[in-house]
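J.: Generate a structure from the sequence data that follows.
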Amino acid sequence: MNDNHPHPHRKHRTENERPIKGSEQEQTHLPDENSGAISRRKLLASLGAAGLALAAGGALPFGTETAEAAPTITVYNVRDYGAAGDGMTDDTNAINQAIAAAYSAGGGVVYIPQGVYLVDPSPGNGIVLKKGIWLLGAGEDVSVFTAKPTGGSVIRRDFNPSGPNDYLQDLFIGHLAIVLNHPAAASPSNYVQIGFDFRNITRSTLFECYVGNYIRGGVSKTEGVWEDMAQGYGIVFGNVSSGSAAYAGGEVNTAVRCAVWGAKKAIVLDDSSLSPTSAAHATTVQNCDVQICELGIGSESRYTAGLTFENNIVQTVIRARGSSSATCCYRIDGYGSKAEGGYIEATTADHVIYLGGNSTRNWVELGYYSSNGAITDLGTNNRIQYLNESDGRLIDSFNRTARSKAWVTFNSGGTIQGGSGVASVTRIGAGDFQINWSVAYPTASYAVSFSNNVDASGNAGLVTVRSQSASNVRIHTYKILNGGAVTQIDFQAVTVIAELF
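T.: Numbers count the residues shown, from 1 in each chain. Reported below is the predicted structural model:
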């Protein structure tokens, strides 16, 4: 059930607590970082804009809300609760003890000093967030959580779908890394890990954090091929219903300057498998860097509204080994959201932008992108704007399907040598091929062009369209004879490009 956010009383400090005085002039330097403590100045510096607010007497994440009433910030160092940070000792319980101590005292900063902390993400375990907690590391390259090889969430909240549940909000997590630990080879039957599981957490922030299967910080882990690194989830926002109240938070969250390298879905809101009726309204993903994934950044629920995706980097969007899912740099369902700016470099992605059939009144302004993937709008009253790469024209797709582009290069036997947005090529006979698109166009009236069309002797040939539908195109290839006559033959290679404006 939702609580009324009472101000919990502050208990007397214990020997494990680390007070930091409220006066900016009074710098109480605590033991060095390796011993687990942090000075007030370093704490405020680590918080960026949030630190400036604290220094100026702004809102605190715990206890009372004014500087006058809260002269100290209490820091709970996980080393004081038994965390080893050696990458071999299971530190899950020790970190949760530090969180529990801060929660019991009305809130505080739980500090993760430099080290590699082994965490058990299995159901019922993981790092469990509580009200009034700020979880801070010494930097995303040096304060590293590494997951044990089992499915589950590394950082999460306690939540009982049968209820009741507290309304958990105003959390801050910063300067941490999570290295996921999936099997070396991806397969549909593998266990699934989630790095930052923010389902049913509200009005909270992830700041300068890292998560992924890619090696980071002091973790020693064999780097695999990229197709096998696209496993699990990086950051998940959303909610599931609570038994005592259908609405149980999960919205108005922010991820800023975070990185996800190596996940099936890097940053996903309202995942269709994890929480199909979810609605992570008004969530912001800003200045983040995602790479080596099937889905870069996306929302998968028809119920979600008011999202902001701004100035993010999306690169190396690939299909995981054994997967048949379409790959997307951005996917947006729901309504009233906006994506703008940033940098996209994903040559093999199926979709640069994918607006699903349940999308409406969304606005996309593409910045730089380099991809052969489609810009696909299957919704209603959406708007996609971008500059045409060949002539700089502004393409504005308001209330109609945007540019969708697919291409394929194949040899004389119909074997695909490269492409995007193509499901298969069938050789029907000599010089007779049918190309089947991965996703059907909304109309059969798309442009088809050809390149690289040479015969076995390396001479230019002729390609014509025999028939065309929304889902496929059939072509004939001809050798040009002396005198201009033609004969139907196979080419050593041909490239077919389909594009809808």
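J.: now the host helix or strand of residue 409, how far from the centre of its chain.
T.: Take DSSP states H and E as the rule and residue 409 turns out to sit in strand 404-410. Between the centre of strand 404-410 and the centre of its chain there are 26 Å (CA atoms, centre = their mean, to the nearest Å).
J.: I'd like the next helix or strand past it.
T.: strand 416-420.
J.: Next, the buried residues of the helix or strand following that following strand.
T.: Per DSSP H and E, strand 416-420 leads on to strand 422-429 as the next helix or strand towards the C-terminus. With burial defined by 16 or more other CB atoms under 10 Å, the residues of strand 422-429 counted as buried are 422, 423, 425, 427. Backbone N, C-alpha and C define where each C-beta goes, glycine included.
J.: who's in contact with strand 422-429?
T.: Applying CB atoms under 8 Å, 6 or more residues apart in numbering, the contact partners of strand 422-429 are 406-408, 410, 413-416, 433-438, 474, 490.
J.: partners of the helix or strand that contains residue 155, with directions?
T.: Residue 155 belongs to strand 152-157 when assigned by DSSP H and E. If you go by DSSP bridges, strand 152-157 pairs up with strand 127-129 (parallel), strand 193-199 (parallel).
J.: pLDDT (mean, whole number) over the helix or strand that the last one is followed by?
T.: It stands for strand 193-199. Next in sequence after strand 193-199, counting helices and strands by DSSP H and E, comes strand 201-202. The average pLDDT for strand 201-202 rounds to 93.
J.: bridging residues for residue 144?
T.: Beta-bridge partners, per DSSP bridges, of residue 144: residue 116, residue 177.
J.: per-residue confidence at it?
T.: Predicted confidence (pLDDT) for residue 144: 95.
J.: Same check on residue 37?
T.: pLDDT, read off for residue 37, is 43.
J.: Repeat that for residue 2.
T.: pLDDT, residue 2: 38.
J.: Checking the nearest residue to residue 396 once chain neighbours are set aside next. Helix, strand or coil?
T.: The shortest distance from residue 396 to any non-neighbouring residue, by CB to CB, 6 or more residues apart in numbering, is to residue 385 (5.2 Å). Classification of residue 385 using DSSP: H, G, I helix; E, B strand; the rest coil returns strand.
J.: Any stretches of this protein with poor pLDDT?
T.: 1-72, 216-224, 241-248, 390, 399-403, 453-458, 501 (pLDDT under 70).
J.: all helices for it, in order.
T.: 40-46, 49-55, 92-104, 226-229 (DSSP state H).
J.: Run the chain-centre distance for the third one.
T.: This points to helix 92-104. The answer for helix 92-104 is 28 Å, by CA atoms, centre = their mean.
J.: so what's the nearest residue to residue 500 once chain neighbours are set aside up against?
T.: Distances taken as CB to CB, 6+ apart put residue 446 closest to residue 500, at 4.1 Å, once the chain neighbours are dropped. Counting by CB under 8 Å, 6+ apart, residue 446 makes contact with 404, 468, 498, 499, 500.
J.: and which of these is nearest to residue 140?
T.: residue 404 (37.1 Å; CB to CB).
J.: Give the burial count for the closest residue to residue 130 other than its chain neighbours, as a bare number.
T.: Spatial nearest neighbour of residue 130, chain neighbours left out: residue 103 (4.1 Å); criterion: CB to CB, 6+ apart. Using other CB atoms under 10 Å, residue 103 has 20 neighbouring residues.
J.: Go through stretch 156-168 and flag the buried ones.
T.: 156, 157, 159, 165, 166, 167, 168.
J.: among the residues you listed, which are in strands?
T.: Using DSSP state E, the subset of those located in strands is 156, 157, 168.
J.: Include distance to residue 210 when you put these into CSV, please.
T.: Output for these, formatted as CSV (distance: CB to CB, whole Å):
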residue, distance to residue 210
156, 17
157, 20
168, 23
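J.: which of the contacts of strand 422-429 lies closest to residue 186?
T.: Taking the contacts of strand 422-429 together and measuring to residue 186 by CB to CB, the closest member is residue 438, at 20.0 Å.
J.: For that closest one, grab the count of nearby residues.
T.: 18.
J.: Name the nearest residue to it, sequence neighbours excluded.
T.: residue 423 (4.7 Å).
J.: Please report how far that neighbour lies from residue 434.
T.: 11 Å (CB to CB, to the nearest Å).
J.: so what's residue 249 up against?
T.: 167, 168, 169, 200, 201, 202, 239.
J.: same thing but 6 Å
T.: 167, 200, 202 (CB atoms under 6 Å, 6 or more residues apart in numbering).
J.: neighbour-wise, which of the contacts of residue 446 leads?
T.: Busiest of these [other CB under 10 Å] is residue 404, holding 25 neighbours.
J.: Distance-wise, check that residue relative to residue 397.
T.: Residue 404 is 10 Å from residue 397, by CB to CB.
J.: ok, residue 99 to residue 129 distance?
T.: 7 Å.
J.: the more surrounded of the two?
T.: Shown here are residue 99 and residue 129; by other CB under 10 Å, residue 129 has more neighbours (24 against 21).
J.: ok now do that one, which residues does it touch?
T.: 157, 171.
J.: Report the beta-bridge partners for it.
T.: Counting by DSSP bridges, the residues bridging with residue 129 are residue 157.
J.: Please enumerate the strands of the stretch 301-450 of the chain.
T.: Listed from the start of the chain, the stretch 301-450 of the chain has strands (DSSP state E, counting those that start in this stretch) covering 308-310, 313-317, 328-335, 338-345, 351-360, 363-370, 374-377, 383-387, 394-396, 404-410, 416-420, 422-429, 432-437, 447-454.
J.: hey, which of these is tucked in deepest?
T.: Highest mean neighbour count of the strands of the stretch 301-450 of the chain: strand 374-377, a mean of 27 (counted as mean count of other CB atoms under 10 Å).
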